[in-house]
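>>> got a structure for you, letters missing:
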């Protein structure tokens, strides 16, 4: 395999989160993720148990909670996280409540992230802030908050809103992040060139459903 491509794929959460996703499609991305040694497969919660049994420990299984809007109650999100972990999830990507951001209720957001991280234990928690809905000041505040909460990653986007990841936002997070906080860029990463640019800007993970298109293009 192309070395440059192989290196990028190790940072990819190979993703399938469409509402119409079938088990056959989920099984396929699990097979692809294992074959190309991606960082994880990111799939709907309802398929986690079956996928975990299918991959037999050969790749981490990631899922989403509070997805894609984030406006569920904290109790509901904590239950989702607990259920996902009991089903075998290795990584959790949670969505914050944008209304709380706009109301300036940052303490409630931080408390929610901490509650979900407590449920996750040593499993990876990524916090989706949906950057296309945020002001510059809100992005900076949330970058600090997510780091202080104990989460492992700040993630740009769900891919279901009006905009996805931008290089500017990844660079902004890279400047303002503290400690061990890492960055996941997600939403609209549709080419290998774009993926490389996000990694160069400071992202450590990439959420994309376009991985196989990159591979097919190189192998054509």
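Here it is on my side, so go on. Small disclaimer: the values here were computed from a predicted structure and weren't measured.
>>> SS state for residue 185?
Under DSSP: H, G, I helix; E, B strand; the rest coil, residue 185 falls in the strand class.
>>> and what of the one 5 residues further on?
Assigned by three-state DSSP, the conformation of residue 190 is coil.
>>> how much space separates the residue lying closest to it once chain neighbours are set aside from residue 137?
Distances taken as Cβ to Cβ, 6 or more residues apart in numbering place residue 210 nearest to residue 190, at 4.6 Å, with adjacent residues excluded. Any C-beta I mention is one placed from the backbone N, CA and C, and that applies to glycine too. For residue 210, the distance to residue 137 equals 32 Å [Cβ to Cβ, to the nearest Å].
>>> same deal with residue 112?
For residue 112, the distance to residue 137 - Cβ to Cβ - is 20 Å.
>>> next one: residue 216
Taking Cβ to Cβ as the measure, residue 216 falls 42 Å from residue 137.
>>> need the phi and psi values for the residue nearest to the spatial centre of the chain.
Nearest to the geometric centre of the chain sits residue 93, at 4.9 Å (Cα atoms, centre = their mean). With angles defined as degrees, to the nearest 10, residue 93 shows backbone torsions of phi -110, psi 110.
>>> ok, it touching residue 123?
No: proximity of residue 93 to residue 123 does not meet the contact threshold set by Cβ atoms under 8 Å, at 11.4 Å.
>>> residue 210 and residue 137: which has the busier surroundings?
Here residue 210 and residue 137 are compared on neighbour count by other Cβ atoms under 10 Å; more neighbours surround residue 210, at 19 against 8.
>>> got the confidence number for that one?
At residue 210, the pLDDT value in this model is 94.
>>> just residue 218 next, same as before
For residue 218, the model assigns a pLDDT of 83.
>>> ok, it to residue 113 distance?
Taken as Cβ to Cβ, the span from residue 218 to residue 113 is 38 Å.
>>> now swap in residue 158 and tell me
Counting by Cβ to Cβ, the gap from residue 158 to residue 113 is 16 Å.
>>> which residue is the nearest non-sequential neighbour of residue 133?
Leaving out its chain neighbours, residue 133 is closest to residue 98 (Cβ to Cβ, 6+ apart), at 5.4 Å.
>>> run a quick neighbour tally on the one you found.
The burial count for residue 98: 18, using other Cβ under 10 Å.
>>> also residue 46?
Counted with other Cβ under 10 Å, the neighbours of residue 46 add up to 14.
>>> and if you look at the one 4 residues further on?
A total of 17 residues lie near residue 50 under the criterion other Cβ under 10 Å.
>>> per-residue pLDDT of it, please?
For residue 50, the pLDDT comes out at 98.
>>> which residues sit against the helix or strand encompassing it?
When secondary structure is defined by DSSP states H and E, residue 50 falls within helix 48-55. Helix 48-55 is contacted from outside by 23, 26-27, 30, 33-34, 41, 43, 61, 63, 84, 87-89, using Cβ atoms under 8 Å, 6 or more residues apart in numbering.
>>> average pLDDT for the next helix or strand after that helix?
Downstream of helix 48-55, the first helix or strand assigned by DSSP H and E is strand 61-65. Within the predicted structure, the mean pLDDT of strand 61-65 is 98.
>>> for the chain, what spans make up the helices?
Secondary structure of the chain by DSSP state H: the helices cover 3-9, 23-36, 48-55, 74-86, 98-102, 106-120, 136-149, 167-176, 192-201, 211-219.
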